[in-house]
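# No sequence on hand, only this structure:
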């Protein structure tokens, strides 16, 4: 018979969180319930990420305890899913022979079938590219107010620092009808906010016949009955069209929040990264947003210490941040990822230089974010309440349309899922 409880450990990006929800949904549909902790579960899934350098080490150390349980005769099925699984494949089985199932992200909706094989005693490695099957089981969402909906899987870009194209495969857009249907089901189940997800949402539709555009999808889903807010991440400056900004400006439910990674403020580094745009082109995107939606939030990602980055090139990144004034910048110092071109380049920077630049960019990013937050002082903002504030139980927390978190005193049962006007 089937094992009775499961535990899913999720690392990395929102795509992974969404995949974990889909896997949890399938396990529950098979009658497997969530365990209180990993060490008591019969099915342990590690949904892995290979963007950060310590990812593989983390996976191996996590698995040590489960492998030990298995050697002692515990009934436990060990599953490694996600991008490290895709990248390492059979090597994982060689290093940790106790693993039962290794599966790439494109198999997230087929966990059930693969698990049956594994329970029947086969070691399964599912990493070859497959067309992604439309998922019949509903994801089990972690929140009951906000949900994620995948609109496109994979990525056709070839940024020289990034493992995503090799781990998540070629772009496959979901049909807009099935995206809308999923949003309608979520609204019917009481969800108030949906975030449309993709490694590069602006690429949605370009693999379809005839080609469709992301702005058309936004217009098509903007009026789903019952949803209060619709967000989307991640945008790519090279493809983000004026049509997307117009769609957001025209539809009250589309949130005025744009996550557009610039990665570097230096054209030579951008070229080496293979980003396909210049600083000027990035600024045009920003100006387009600011012109149509002056109060919108613009957030971004940046990498410091990329191979060959000089002090002057790094200063160009800080200059760009001062010009744009981002509401938030997620930063990382460059780490050489396996199977990526930049990892093999000779002009790698020392860890000291990278750490110093990371500290400096974070200082500036935090200072600008704080100044951007000040603009809400004295204003009444609309907060969609998500849950209790874990730090202060008498408070609830939620976000404003721009995505800024806000906590305030209120009763969580009375306000959850409602939009409450709050004076900042």
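Great, that's in hand. Predicted, not measured: the structure shown is a model, and the values here were computed from it. Numbering: from 1, shown residues only.
# From residue 92, how far out is residue 412?
Separation of residue 412 from residue 92 (Cβ to Cβ, to the nearest Å): 42 Å. Heads up, the C-betas are built off the backbone N, CA and C, glycines and all.
# And the two? Which one has more around it.
Between residue 412 and residue 92, counting by other Cβ atoms under 10 Å, residue 92 is the more crowded of the two (24 against 16).
# give me the low-pLDDT residue ranges for the stretch 51-200 of the chain?
Within the stretch 51-200 of the chain, the stretches with pLDDT under 70 are 52-53, 120-121, 129-142.
# all helices in it, in order from the N-terminus.
55-71, 83-88, 90-95, 111-119, 164-168, 176-188 (DSSP state H, counting those that start in this stretch).
# highest average neighbour count across those?
helix 83-88 (a mean of 25; mean count of other Cβ atoms under 10 Å).
# Residues contacting it, please?
Counting by Cβ atoms under 8 Å, 6 or more residues apart in numbering, helix 83-88 makes contact with 12, 16, 48-51, 55-56, 59, 92, 102-105, 127, 163-164, 166-168, 338-339, all of which sit outside it.
# right, so of the helices of the stretch 51-200 of the chain, which gets closest to residue 6?
helix 111-119 (9.6 Å; Cβ to Cβ).
# Which strands and helices lie in contact with that closest one?
Under the contact criterion of 3 or more Cβ pairs under 8 Å, 6 or more residues apart in numbering; DSSP states H and E, helix 111-119 touches helix 14-29, strand 77-82, strand 101-103, strand 124-126.
# now do 6 Å
helix 14-29, strand 101-103, strand 124-126 (3 or more Cβ pairs under 6 Å, 6 or more residues apart in numbering; DSSP states H and E).
# ok, then the element right after the longest one?
It stands for helix 14-29. strand 33-34 (DSSP states H and E).
# tilt between the very next helix or strand once past that following strand and helix 55-71?
Using DSSP H and E, the next helix or strand after strand 33-34 towards the C-terminus is strand 43-48. Between the axes of strand 43-48 and helix 55-71, defined by axes from the mean of the first three to the mean of the last three Cα atoms, to 10 degrees, the angle is 170 degrees.
# Sheet partners, orientation included, of strand 43-48?
Using DSSP bridges, strand 43-48 pairs in its sheet with strand 5-10 (parallel), strand 77-82 (parallel).
# what does the average pLDDT come to for it?
In this model, strand 43-48 has a mean pLDDT of 94.
# Quick one, which of the helices and strands packed on helix 111-119 gets closest to residue 268.
Distance to residue 268, taken as Cβ to Cβ, is lowest for helix 14-29 among the helices and strands packed on helix 111-119, at 30.0 Å.
# Buried ones in the closest one, by neighbour count?
Neighbour counts using 16 or more other Cβ atoms under 10 Å place 15-27 of helix 14-29 among the buried residues.
# For the stretch 201-350 of the chain, which segments are assigned as helices?
According to DSSP H, counting those that start in this stretch, the helices that the stretch 201-350 of the chain contains are 214-221, 242-250, 267-273, 279-292, 311-324.
# and those, which is most packed in?
Most buried among these, given mean count of other Cβ under 10 Å as the contact rule, is helix 214-221, at a mean of 21.
# Please identify the deepest-packed of the strands paired with strand 43-48.
strand 77-82 (a mean of 25).
# which other residues reach it?
Outside of strand 77-82, the residues within contact range by Cβ atoms under 6 Å, 6 or more residues apart in numbering are 16, 43-48, 66, 92, 98-103, 105, 118.
# Repeat the analysis, applying 7 Å as the threshold.
Contact with strand 77-82 is made by 3, 16, 19, 23, 42-49, 59, 63, 66-67, 70, 92, 98-103, 105, 108, 115, 118-119, as judged by Cβ atoms under 7 Å, 6 or more residues apart in numbering.
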